[in-house]
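Colleague: My questions concern the predicted model and sequence given below.
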Amino acid sequence: MRMHFGVPKKIVRNSRFVESVRRLMQHGEEALKPQFVNEMWRGPMVNPRKANAIRKEAMADGTYGTFDVTTGIGWDAAWDRPQKLPSVRPFKGHKRERTRESRAQRIEGLMEDMDDKIQDYRDAFVAGKPETEGFENMIKNKQAGKK
C-alpha cells in the first residue's frame with residue numbers, strides 16, 4: 001500500500017479529511033479534546049465537524065466501534081461525546097391553560113352572591129331616577145305601560 005504524508009493511500013481515496021485521520025492515528029482521543037498550553041486554550045487538533053463526518057463514514061462503512069491505528073479506518077466508540085440528558089419537566093404551555101383552575105375557582109366564588117348584587121344594582125338604578133310629577137312624565141309613563 002502506498003503512503004501519502006504518512007497516511008495509507010487507501011485512506012486518501014476514501015476520506016475527505018486526510019489530515020484529521022492522520023492526527024487521530026497519531027494522537028487518538030487527545031486529538032479531539034481542546035488543550036491548555038502556555039496559559040492559553042488551543043482548539044482540538046481535529047475539528048468537531050470533521051470528526052463527526054469521519055464518524056458518520058465509519059458508521060456507513062460498518063467500522064464504527066473499532067479503530068485501526070495502522071490504516072486509520074474506523075471510529076472508536078469511546079471517542080463519542082456524551083449526549084445531553086433530555087429535560088424531564090413538561091412544556092410551559094399557554095398561560096390560559098396554566099391558570100384555568102384558579103380562574104374557574106375565582107369565578108365560582110364571585111358567582112355565589114351575584115343574584116344579590118344584581119338586585120342591589122337594579123334597586124339603586126331605580127332609586128336614582130327622579131320622581132317628578134308632571135303632564136309630560138304622566139304621558140310617557142302611560143305610553144311605556146307604567147301606572
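Modeller: Looks like it arrived, so ask away.

Colleague: which secondary element of the chain has the worst mean pLDDT?
Modeller: When each helix and strand of the chain is scored by mean pLDDT, DSSP states H and E, helix 9-14 comes last, with a mean of 50.

Colleague: Could you count how many residues lie near E57?
Modeller: Look at E57: counted by other C-beta atoms under 10 Å, it has 19 neighbours. The way it works is simple: take the backbone N, C-alpha and C, and place the C-beta from them, glycine included.

Colleague: hang on, I meant A31
Modeller: The burial count for A31: 19, using other C-beta under 10 Å.

Colleague: residues in contact with the residue nearest in space to the middle of the chain?
Modeller: In the chain, the residue lying closest to the centroid (C-alpha atoms, centre = their mean) is F91, at 8.8 Å. By C-beta atoms under 8 Å, 6 or more residues apart in numbering, the contact set of F91 is empty.

Colleague: element containing it?
Modeller: Assigned by DSSP states H and E, F91 falls within no helix or strand.

Colleague: roughly how far apart are it and Y64?
Modeller: 34 Å (C-beta to C-beta, to the nearest Å).

Colleague: So which residues of the protein form strands?
Modeller: 3-4, 7-8, 35-37, 40-42 (DSSP state E).

Colleague: Quick check: which helices or strands does the third one pack against?
Modeller: In terms of contacts (3 or more C-beta pairs under 8 Å, 6 or more residues apart in numbering; DSSP states H and E), strand 35-37 is packed against strand 40-42.

Colleague: How about the last one?
Modeller: In this structure, strand 40-42 packs against strand 35-37, with contacts taken as 3+ C-beta pairs under 8 Å, 6+ apart.
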